[in-house]
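[1] got a structure for you, letters missing:
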């Protein structure tokens, strides 16, 4: 069964360092997302991406964040200068026809710990 | 006002009972509503979606939508210990183009 894969599963970094989280969405999906979940808190929307551009982003997704689809398969989230409060589980998701029309398929997540 | 609200729980029900999970949302024009299940340390997975007022049944699960009251619920019949998880209500707001907003989740514990 097709699945969304994410790497790394866990990354520990020092405050101020750059981090890149990688995702391989399901191959025929067209819409891609990043969500994050701080431990014990709700799943928060960060950004949606379609046709090689950002469709929508939240207030959390400030200038420190960027997304890219560098090739036909990968979808990355870059945090330019990490802060302690960026520590969270980051979920990549994809869907065939948009988040409001059907299921979001989530990856297993990348846990980011900022020290 | 928070966009999607749920009782945080924990909600405890005995095995075989009906579990009732509730959700309210603030954007009156929202069109799409989802229930996801999240086991501890895992990613969310879709249980059901509902678009129209009324009930939608899928096996042991029934989703209920009342747009006038801005209320969505999920009923789990014949609850099993494997249903113990956090249940996330998610809404696609009309005000947005392509995102789904999650509620804080309700923790369900099914006691054998």
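    Right, received. Where do you want to start? Note that the coordinates shown come from a computational prediction; the quantities given were computed from them, not determined experimentally.

[2] can you count the residues close to residue B:52?
    Using other CB atoms under 10 Å in any protein chain shown, residue B:52 has 10 neighbouring residues. Where C-beta positions appear, they are placed from N, C-alpha and C, glycine not excepted.

[3] can you pull the contacts of it?
    For residue B:52, the contacting residues are residue B:65, by CB atoms under 8 Å, 6 or more residues apart in numbering or on different chains.

[4] three-state assignment of it?
    Three-state call for residue B:52 (DSSP: H, G, I helix; E, B strand; the rest coil): coil.

[5] quick check, pLDDT for it.
    Confidence at residue B:52, expressed as pLDDT, is 92.

[6] do the one 3 residues further on as well
    As summarised for this prediction, residue B:55 has a pLDDT of 96.

[7] pretty sure it contacts residue B:72?
    No - applying CB atoms under 8 Å, one finds residue B:55 not in contact with residue B:72, separated by 11.2 Å.

[8] need the residues of chain A near chain B, please.
    By CB under 8 Å from any CB of the partner chain, the residues of chain A that approach chain B are A:31, A:33, A:35, A:41-45, A:48, A:50, A:55-56, A:58, A:91, A:98-104, A:106-109.

[9] ends of stretch B:38-56, what's the gap?
    Using CA to CA, to the nearest Å, the span of stretch B:38-56 from its first residue to its last is 21 Å.

[10] my error: substitute stretch A:15-31 in the last question.
    31 Å.

[11] buried sites along that stretch?
    Going by neighbour count (16 or more other CB atoms under 10 Å in any protein chain shown), the buried part of stretch A:15-31 is A:19, A:21, A:22, A:23, A:24, A:25, A:26, A:29, A:31.

[12] quick check: phi and psi at the fifth one.
    Summarising the backbone geometry of residue A:24 under the convention degrees, to the nearest 10, its torsions are phi -120, psi 100.
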